[in-house]
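> Coordinates for the following, if possible.
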Amino acid sequence: MSPPAAVLVLMGVDGCGRTTLAAALQRALAPHPANGTADGAAVQLLCSPALQRAQRAALRARLPGLHFIYLEIDVRSAARRLQGRPAREASARSIAGQFAQLEPPDGEADVLRLCALQPVAALLRQILDWPPVAALAPRIDGQAAAAGDGR
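The predicted model follows:
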């Protein structure tokens, strides 16, 4: 398998929807003979809080072709989304700490900034239409939009 042409990092604080969006994006970018990515090497997908500039700079230095997708969310919405998770994963203190550490990727290259409160299908469409992704992952007649669950 050849190295990926691009690496996408879904980033943001807990509760922003990284895992949910990653699953939908993985389905949309799944290797398929018709889209020319049968070896699965076109795009590598990572999930990371990547809250600080230094963390993102270290990732960029190690991974050529890296692009960040920043899922922006406010404290209240993130806390509300985390209420249903087990206490060990979702304490108010951990959310406050993440927002305290957060250094938004303002002015950084290769970052797609999205409002995390949009439905998954809308986020997915924006990612797939983003030039670094659109150039690498041609879609199959609406299959990508169907990969979102409509939330």
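> low pLDDT regions in this protein?
1-4, 31-41, 87-93, 137-151 (pLDDT under 70).
> If we use 90, what do you get?
Low-confidence segments of the chain (pLDDT under 90): 1-7, 26-45, 48-51, 63-65, 79-96, 132-151.
> show me where it has strands.
All strands of the chain, identified by DSSP state E, fall at 6-11, 43-48, 66-72, 111-115.
> Quick one: residues in contact with the second one.
Read it as strand 43-48. By CB atoms under 8 Å, 6 or more residues apart in numbering, the residues outside strand 43-48 that reach it are 4-11, 18-19, 22, 25-26, 29, 37, 55, 59, 133, 136-137. Using the backbone N, CA and C atoms, a C-beta is placed for each residue, glycine as well.
> Now do residue 127 against residue 58, distance only.
23 Å (CB to CB, to the nearest Å).
> Looking at these two now, which is surrounded by more residues?
residue 127 (24 against 12; other CB atoms under 10 Å).
> Tell me how many other residues surround residue 18.
Residue 18: 21 neighbours (other CB under 10 Å).
> residue contacts, it?
Per CB under 8 Å, 6+ apart, neighbours of residue 18: 10, 11, 12, 47, 71.
> Which of those residues sits closest to residue 121?
residue 71 (14.7 Å; CB to CB).
> what bridges to that closest one?
residue 114 (DSSP bridges).
> now the helices for the protein?
18-28, 53-62, 75-82, 92-101, 120-129, 131-134, 143-147 (DSSP state H).
> got those as TSV, with distance to residue 107 columns?
As requested, the helices of the chain are exported to TSV (distance: least, CB to CB, whole Å):
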stretch	distance to residue 107
helix 18-28	22
helix 53-62	10
helix 75-82	23
helix 92-101	18
helix 120-129	20
helix 131-134	17
helix 143-147	29
